[in-house]
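Asks: curious how this folds, go ahead:
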Amino acid sequence: MIPFPNIRPEIFTITIGDFDLSLRWYAVSYIAGFILAIFIMKSLIKNEKLWRFKTAPLDLDQAESLLTYLILGVIIGGRVGYVVFYNPTFYLSNPTEIIRVWDGGMAFHGGLIGVISSIIVFCRVNGVPLLSCSDLVAIATPPGIMLGRIANFINAELWGRPTDMSWGVVFPGERAQACPEVSGLCARHPSQLYEAGLEGPILFFLLIFFVYVGMLLRPGFITGVFIAGYGIARFFVEFYRVPDPQFVSSQNSNGYVLSMGDLGVTMGQMLSIPMIAIGVIFIFVSKIAIKRS
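Replies: So this is what the prediction gives:
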């Protein structure tokens, strides 16, 4: 097993009177993710030969405007998604807690819905082709996901199920060490790092491969690969990741939201299944659309 590295979630903390202001790795991961996203989008926009009719779907100034829409979509969608999908009972009883984003609680699937909504609004307002714009955003997203999952690891949250594999990590905290079947220290799958690798560089380089074999010429194809690819990666990692505590009980130790005997699916898997289906539909529809155009 591997001891948890001695990394604090806060990079630094400034105390002003009775208030502590901290810069956390999680916040830095969001900032760095958006910076990488705009860099990637601008690089692709400049390479006009990648696009249909040798024309990118938007210009460099519009890309910066799009980033503002995306930031709002990620934050609002991610928070609302967590409230609705993962802990609605608590937040209905404590509505003022919904705005406390700084206490944690963001859902990728909600963030994705927020991003999709922001792209639709942006394209309608600016007269930009929707599918090509979504392809651009899809390519730029995996690096930010990777950084976010690494921040989850640093925060010692969203860890995996107990394991006796040599790369199991001993996460700190009473909950992480509450493993009834384990005597002594409890090592867990570093599921955050599994997701960082699958949803980050592996998915990113898969998308880049499709870009350079000409798939941006089929608007919607890259979007479909991203959505399906993320769904498959998340569905797989859920086998090793501990579900949120509100889904776990003495009668449901696996945290299934739908069970059939000894088998079942977690909330993460439940939300990933339609993602995979939607991604496949995008891939096939992109081919049909090209044939008709």
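
Asks: report pLDDT for the residue nearest to Arg234 when sequence neighbours are not counted.
Replies: Spatially, and ignoring its direct neighbours in sequence, Arg234 is nearest to Ser272 (4.6 Å; C-beta to C-beta, 6 or more residues apart in numbering). For every residue, glycine as well, the C-beta is placed using N, CA and C. What the model reports as pLDDT for Ser272 is 94.

Asks: strands along the protein, start to end?
Replies: Per DSSP state E, the chain has strands spanning 2-3, 10-16, 19-24, 169-170, 258-260, 263-265. These are given in chain order.

Asks: which non-adjacent residue is nearest Leu66?
Replies: Phe122 (5.4 Å).

Asks: any idea how far the one you found lies from Pro95?
Replies: 29 Å (C-beta to C-beta, to the nearest Å).

Asks: same thing with Tyr86?
Replies: 16 Å.

Asks: looking at those two, which is more packed in?
Replies: Tyr86 (21 against 9; other C-beta atoms under 10 Å).

Asks: quick one, what contacts that one?
Replies: Tyr86 makes contact with 105, 107, 244, 246, 267, according to C-beta atoms under 8 Å, 6 or more residues apart in numbering.

Asks: so how many other residues sit close to the third one?
Replies: Same thing as Asp244. Neighbour count for Asp244, taken as other C-beta under 10 Å: 18.

Asks: re the thing from before, identify the residues contacting the residue nearest to Arg234.
Replies: Per C-beta under 8 Å, 6+ apart, neighbours of Ser272: 109, 230-232, 234-235, 238.

Asks: including neighbour count, pLDDT and distance to Ile222, could the residues you listed go into CSV?
Replies: As requested, the contacts of Ser272 are exported to CSV (neighbours: other C-beta atoms under 10 Å; pLDDT from 0 to 100; distance: C-beta to C-beta, whole Å):
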residue, neighbour count, pLDDT, distance to Ile222
His109, 24, 84, 19
Tyr230, 25, 96, 13
Gly231, 24, 96, 15
Ile232, 17, 97, 16
Arg234, 22, 95, 18
Phe235, 19, 96, 20
Glu238, 22, 94, 25
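
Asks: now the helices for the chain?
Replies: 25-46, 60-86, 88-93, 108-126, 130-140, 142-154, 191-197, 203-212, 221-237, 267-292 (DSSP state H).

Asks: would CSV of these with distance to Pro3 be doable?
Replies: Shown next, in CSV, are those (distance: least, C-beta to C-beta, whole Å):
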stretch, distance to Pro3
helix 25-46, 19
helix 60-86, 30
helix 88-93, 33
helix 108-126, 28
helix 130-140, 35
helix 142-154, 14
helix 191-197, 15
helix 203-212, 30
helix 221-237, 23
helix 267-292, 27
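
Asks: so which of the ones you listed gets nearest Ser166?
Replies: Comparison of the helices of the chain against Ser166 by C-beta to C-beta identifies helix 191-197 as nearest, at 14.3 Å.

Asks: distance from that closest one to the middle of the chain?
Replies: 11 Å (C-alpha atoms, centre = their mean, to the nearest Å).

Asks: which intervals of this structure have sub-threshold pLDDT?
Replies: 102-104, 289-293 (pLDDT under 70).

Asks: contacts only, for the most centrally placed residue in it.
Replies: For the chain, the residue whose C-alpha lies nearest the mean C-alpha position (C-alpha atoms, centre = their mean) is Phe108; its distance is 4.2 Å. Taking C-beta under 8 Å, 6+ apart as the contact definition, Phe108 lies against 78, 81, 145, 230, 234.

Asks: ok, and the closest non-adjacent residue to the third one?
Replies: Read it as Ile145. Going by C-beta to C-beta, 6+ apart, Ile145 has Glu199 as its nearest residue, at 4.7 Å.

Asks: how about the second one?
Replies: Leaving out its chain neighbours, the residue that sits closest to Gly81 by C-beta to C-beta, 6+ apart is Gly110, at 1.1 Å.

Asks: burial count for the one you found?
Replies: Quick note: Gly110 (other C-beta under 10 Å) scores 23 neighbours.

Asks: so it is in contact with Phe85, correct?
Replies: Yes: counting by C-beta atoms under 8 Å, Phe85 is a contact partner of Gly110 at 6.4 Å.

Asks: quick check, Ile278 in contact with Gly229.
Replies: No: Ile278 lies out of contact with Gly229 (C-beta under 8 Å); the separation is 11.9 Å.

Asks: more neighbours, those two?
Replies: Between Ile278 and Gly229, Gly229 has the larger neighbour count (other C-beta under 10 Å), namely 22 against 15.

Asks: would you check how far apart the more buried one and Ala140 are?
Replies: 14 Å.
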